[in-house]
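**Student:** Prediction below, plus the sequence it came from.
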Amino acid sequence: MGKTSKVVICGMKGVGKTAVLEQVIYGNITSKSELHSTIEDIYVANIESDKGTREKVRFYDTAGLEPLQTATASGTTNQQLPRHYLAIADGYILVYDTEKSESLDMLVSLKKDIDKNKDKKEVTIIVIGNKFKETENTEFDSTLSKATAWCNREKLRHFTASAMHRITLYEPFVHITSKLNPPPSKSTFTPLSMGRKVKDQS
Ligand SMILES: Nc1nc2c(ncn2[C@@H]2O[C@H](COP(=O)(O)OP(=O)(O)OP(=O)(O)O)[C@@H](O)[C@H]2O)c(=O)[nH]1
């Protein structure tokens, strides 16, 4: 049996994490879909990598994080990714809403938390800007350009997508699947050839 990669999908509350996952896996999300806040859900999908191999990925849809001010005011505590995800994740999909700059700020601290806790483990992180509205909007533009600049600095792949358009989600999901399942590297081992012992003639 092949390996199953574990990918944690996280970000601020209500940015569309569940919609993104449901859409890419089942294609059943429309603008009329009413989704409830997630506590935790697990999805298992077979995704074709860019090398054409089918790879099994287990996605952990996490409870949305609350911005610090809201969390303090409401007395809730989920401002941090629960610790057990840090131990199991091979990869992360960080989602923000391109209309909400605070959802991007939350990813900045989330990424620091992941880096601090990943120990020596290699993890693949990608960022998806979920474009809630189709309309042009200056706040959206500035959040998006802040996000791409941050991703460049952090060497993270950034994707702009929409949970309402399944086709826009394929690229990020194929990308992370391919990164987590690189083709086996060619061996540098040179087979021993049968050699003849050359007698020293001198
Ligand atoms: N119009 C529009 N609505 C969206 C989009 N993405 C999500 N929604 C809606 O926004 C609401 C919240 O989406 P969810 O996918 O539940 O968000 P979430 O990040 O999983 O939320 P939590 O589990 O509370 O953290 C749902 O009613 C979705 O249908 C989008 O791209 N466009």
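**Tutor:** In hand now; what should we look at?
**Student:** for this protein, what spans make up the strands?
**Tutor:** 4-11, 40-48, 54-62, 91-97, 124-130, 157-161 (DSSP state E).
**Student:** Okay, now the sheet partners of the shortest one, with direction.
**Tutor:** In this case it means strand 157-161. Using DSSP bridges, the strands paired with strand 157-161 are strand 124-130 (parallel).
**Student:** Identify the residues contacting the partner strand?
**Tutor:** 15-16, 19-20, 90-98, 107, 111, 114, 143-144, 147, 151, 156-163, 169, 172, 175-176, 179-180 (C-beta atoms under 8 Å, 6 or more residues apart in numbering). Heads up, the C-betas are built off the backbone N, CA and C, glycines and all.
**Student:** And stretch 37-48, what's buried?
**Tutor:** Residues of stretch 37-48 classed as buried under the neighbour-count rule (16 or more other C-beta atoms under 10 Å) are Thr38, Tyr43, Ala45, Ile47.
**Student:** isn't the second one right up against Val24?
**Tutor:** No: at 9.3 Å, Tyr43 does not count as touching Val24 under the criterion of C-beta atoms under 8 Å.
**Student:** Next, count neighbours for the residue in the chain positioned nearest to the ligand.
**Tutor:** Closest to the ligand within the chain is Gly64: 2.1 Å, counting by C-beta to the nearest ligand atom. Residues near Gly64, counting by other C-beta atoms under 10 Å, number 20.
**Student:** Repeat that for Arg157.
**Tutor:** 15.
**Student:** Any part of stretch 148-167 near the ligand?
**Tutor:** Yes: contact of stretch 148-167 with the ligand (C-beta under 6 Å from any ligand atom) involves Ser162, Ala163, Met164.
**Student:** Filter these down to the buried ones and express that as a ChimeraX selection.
**Tutor:** Per 16+ other C-beta under 10 Å, the buried members of the residues of stretch 148-167 next to the ligand correspond to this ChimeraX selection:
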select :162,163,164
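**Student:** ok, and the closest non-adjacent residue to the residue of the chain closest to the ligand?
**Tutor:** Lys13 (3.0 Å; C-beta to C-beta, 6 or more residues apart in numbering).
**Student:** which among the contacts of strand 124-130 end up buried?
**Tutor:** If we count by 16+ other C-beta under 10 Å, the contacts of strand 124-130 have these buried: 15-16, 19-20, 90-98, 107, 111, 114, 143-144, 147, 151, 156, 158-163, 169, 172, 175-176, 179-180.
**Student:** Tell me which residue is most central in the protein.
**Tutor:** With distances taken as C-alpha atoms, centre = their mean, Ile93 lies nearest the centre of the chain, 1.7 Å away.
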